[in-house]
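Peer 1: Sequence and computational prediction follow.
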Amino acid sequence: MSEYIEHDSTGVSVGMVEKQTFTFAEPPDALELESGASMGPITVAYETYGSLNASGTNAILICHALTGDSHVAGYYSEADTKPGWWDNMVGPGKGIDTDRHFVICSNILGSCMGTTGPCYINPETLEPYGLDFPVVTIGDMVKTQRALLDYLGIRRLLSVIGGSVGGMQALEWAMRYPEMVESVIPLATTTKHSALAIAFNEVARQAIMADPHWAGGNYYGGETPKLGLALARMIGHITYLSDESMRQKFGRNLQDKTDFSFNFDADFQVESYLRYQGAKFVERFDANSFLYITKAADYFDLEKQYGDGSAVKAFSRAESRFMVISFTSDWLYPTYQSRSMVQAMKKSGLDVSFCEIEAEWGHDAFLLPSTRLTTLIRSFLERIFDEI
Amino acid sequence: MRYRSVEVETSAMRFDLRIIASWITPGARVLGLGCGEGELLYHLKKYKGVTCTGIDQNEEMIAVCIQKGLTVLQGDINEEVLDYPEDAFDYVVLSQTLQQIYDPSGLIASMLRVGKKVVVSFPNFSHWRVRAQVLLTGHAPVTPELPYQWHDTPNIRVITLKDFRRYGRQVGFEILKEADIHLDAGGVEGKVIRFWPELFAKHGIFLIGKPVAPE
C-alpha cells in the first residue's frame, strides 16, 4: 500500500496514542510455524483505541497491509506531523468508531515496525536474524495476533477488517478461529495471488537481492540495499495505482522542465514521483522484511490450505458474516477475485454482502478517504453489533 | 445497546410490496432479486423475522441496503442466482422487474430451482389504457406504469396477465396465489381488482410453485 497519510480534513482524531509491546513464545514454548520451524520469543508491537465494553462484544481487529504498521490512527506526540495510516476511517464518530468500539492493530510477524522480524536481534546469536529468520506465513501472522488477543483478554471479535495483505489475514482469521470472529470485512483482497501478483512480487524481490549491498540478507550495521529496495517499492507502487489514476495524476507531464533533457534523468512527472516514493520508502522499511512479507502473501492460498483446492469447502468452515468490498480500478486484486470468493461463500451458505466501489485510484483506493466506504463499514458494524 | 444511524420508515411501504409481504411466512428465507433500496426486505427482516438476501446491480442501491442493515450482493441477478443450491430459499422475489429481463424463461427456471416458492410481479400490458393508446393513437403505449418511449425503455418484455397464466400452464409451474391490483399514484395505496382484471388491473402479482413432475 502507498502512503497517503494526511491530517483528517474534519480535524477529528482519536488523539494521542501509544505503541505498546507484548512478548510471548519464550522458549521452550516457542511458536510453531507452518513451515515446521519454531521460533521465540516473539515481541508484538500493537496499539489500541477506545475501550472494551463489559460484555467484551465491541472489539475490532484491524490487519495492516504489506508495509503498514500498528499505528492506524491518532498521533504519538503533539509534534507529530502525520497521524496513523487509516486515520480517515478510525476515530471518534468515524467509520470504525472508537467511541463505540475497542480497536486493536498489531504489526505483523516478519515486519520491521516493532514486531519480531529479520532486522531484530536473534537471541541465540545476539546478531540481527537476517535470513536466519524463518519464512513465515499469513497463518503465522494470525497466530501471533491471536496470542496478543489472549494476552489482552479478548475472546471474541466483533469484526476483523483488513485491506490487501491485511484482507488475507482477515480471511485467515475466519478460517483458523471461526468461533471467535463475528464478522469479517475483506477489502481489495484475494484468497490467493494470481500469477500476475506473484510475478510483480518476484521482480521486486529480485531487485532487492540483486543489490550488492543486500549481501545475502546480512547487511545490518553496514550499507543497506537502498537501491534495490527503492526499486522494489517503485515496482509495487505501479501495481497500487491504475492506468486512469496515473493518467489523471501525471499524464505525460514533465517535471520542472519544458522539454526533454535527452538523457536519463527523470523527465516525466511519473518518473520523478516513483523515484521519490522509492527514496522515501527506504528510510522507513527493511529490505528483508519486504522479502519475507511478499513471500507470505504469495504463499497464501486459502483454498489449498483449508479446502483441498475448493474455496467452497474452505469457506464452509467459516461462521462469520462477511462484507466483501472491491474497487473497480484495482488491477492487483481485481473484482473478479472478490466475486469468486463471494460465490464460494454463497455456495457454502454464508451470510455475505458484496459491493464493488467505483473508484479510479486502483488498489490503493481502500486507503483513501471515501464516504461510500466509510458508510458501508459503519453501517455493517452497526448491524453486526445489533445482531449479536 | 442498540443503535442505528438510519431509522427506516416502513409504514408507507408500497401497496404491491405489502401484498407480497403478506404472502411470506414469518422466519422464512427470502432472496430478493433486483431489490433496489431494499424496502420489502427491510420490512420482512424487521417485522417478520425473515432471513433475507438482496441482489442488485447498482452500487448506490447496495449502499442504501447496507445502511438498512441488510445482506446484499452487487451483481447481475441472472448470474448471481445461479450460485445458490437447490431450495436455498423459501421464497425468491422478483418485483416489477420481469419486463426488463432478457431471458425471462431462464430466470424463472433459476428462481424455481433455488426457491421453494417464487413471487413475480409486473405491469399488466393489457390494461385498457394501454389497449386504447395503441388502438386510438397508433403509438406504442406510454403510461404512468410504463413511462418510456419505445427507444429508451428498459421494459423490453410485453407481458399481460393472461400471457403469464398461459406461460405457467406451458412450463408447468403452479400459480398458488394471484393478486391483480390497481396502484394509486405514488404506489402507497391501491386496491385489488376483481372485476375484469385483464382490463382494469395495472399490475399482476403471482405466487408460483415448482413444476409438478408428470405422473
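Peer 2: Yep, it's here.

Peer 1: And the pLDDT at the residue nearest in space to the middle of chain B?
Peer 2: For chain B, the residue nearest the mean C-alpha position is B:Ser95 (1.3 Å; CA atoms, centre = their mean). pLDDT recorded at B:Ser95 is 96.

Peer 1: list the helices and strands the worst-scoring helix or strand of chain A on mean pLDDT packs on?
Peer 2: Scoring the helices and strands of chain A by mean pLDDT, DSSP states H and E places helix A:243-249 at the bottom, with a mean of 92. Applying 3 or more CB pairs under 8 Å, 6 or more residues apart in numbering or on different chains; DSSP states H and E, we find helix A:243-249 packed against helix A:269-282. Where C-beta positions appear, they are placed from N, C-alpha and C, glycine not excepted.

Peer 1: which helices and strands sit right next to the helix it packs on?
Peer 2: Applying 3+ CB pairs under 8 Å, 6+ apart, we find helix A:269-282 packed against helix A:226-240, helix A:243-249.

Peer 1: Okay, now the unreliable bits of chain B?
Peer 2: Scanning chain B for pLDDT under 70 picks out the ranges B:1-11, B:213-215.

Peer 1: In it, which residue sits closest to chain A?
Peer 2: Using CB to the nearest CB, the single residue of chain B nearest to chain A is B:Gly69, 3.8 Å away.

Peer 1: Okay, and that residue sits in which element?
Peer 2: Assigned by DSSP states H and E, B:Gly69 falls within no helix or strand.

Peer 1: measure it to A:Ser164 for me?
Peer 2: Using CB to CB, to the nearest Å, B:Gly69 is found at 27 Å from A:Ser164.

Peer 1: Tell me, how many residues neighbour residue 148?
Peer 2: Unless you meant another one, I'm taking chain A. For A:Leu148, the number of neighbouring residues by other CB atoms under 10 Å in any protein chain shown comes to 22.

Peer 1: My question was about chain B, not that one.
Peer 2: If we define neighbours as other CB under 10 Å, then B:Tyr148 has 12 of them.

Peer 1: And for the closest residue to it other than its chain neighbours, the neighbour number?
Peer 2: Excluding the flanking residues, the one nearest B:Tyr148 by CB to CB, 6 or more residues apart in numbering or on different chains is B:Asn155, at 6.5 Å. Using other CB under 10 Å, B:Asn155 has 20 neighbouring residues.

Peer 1: can I assume B:Asn155 is in contact with B:Leu146?
Peer 2: Yes. Using CB atoms under 8 Å, B:Asn155 is in contact with B:Leu146, at 5.7 Å.

Peer 1: Please list all residues in contact with B:Ala109.
Peer 2: By CB atoms under 8 Å, 6 or more residues apart in numbering or on different chains, the contact set of B:Ala109 is B:Val171.

Peer 1: Show the contacting residues for residue 174.
Peer 2: Since you didn't name a chain, this refers to chain A. A:160, A:181, A:184, A:318-320, A:322.

Peer 1: that's the other chain; I wanted chain B
Peer 2: By CB under 8 Å, 6+ apart, B:Glu174 lies in contact with B:168, B:208-212.

Peer 1: what do you get if the cut-off is 6 Å, keeping everything else the same?
Peer 2: By CB atoms under 6 Å, 6 or more residues apart in numbering or on different chains, the contact set of B:Glu174 is B:Gly209.

Peer 1: This completes my enquiry, with thanks.
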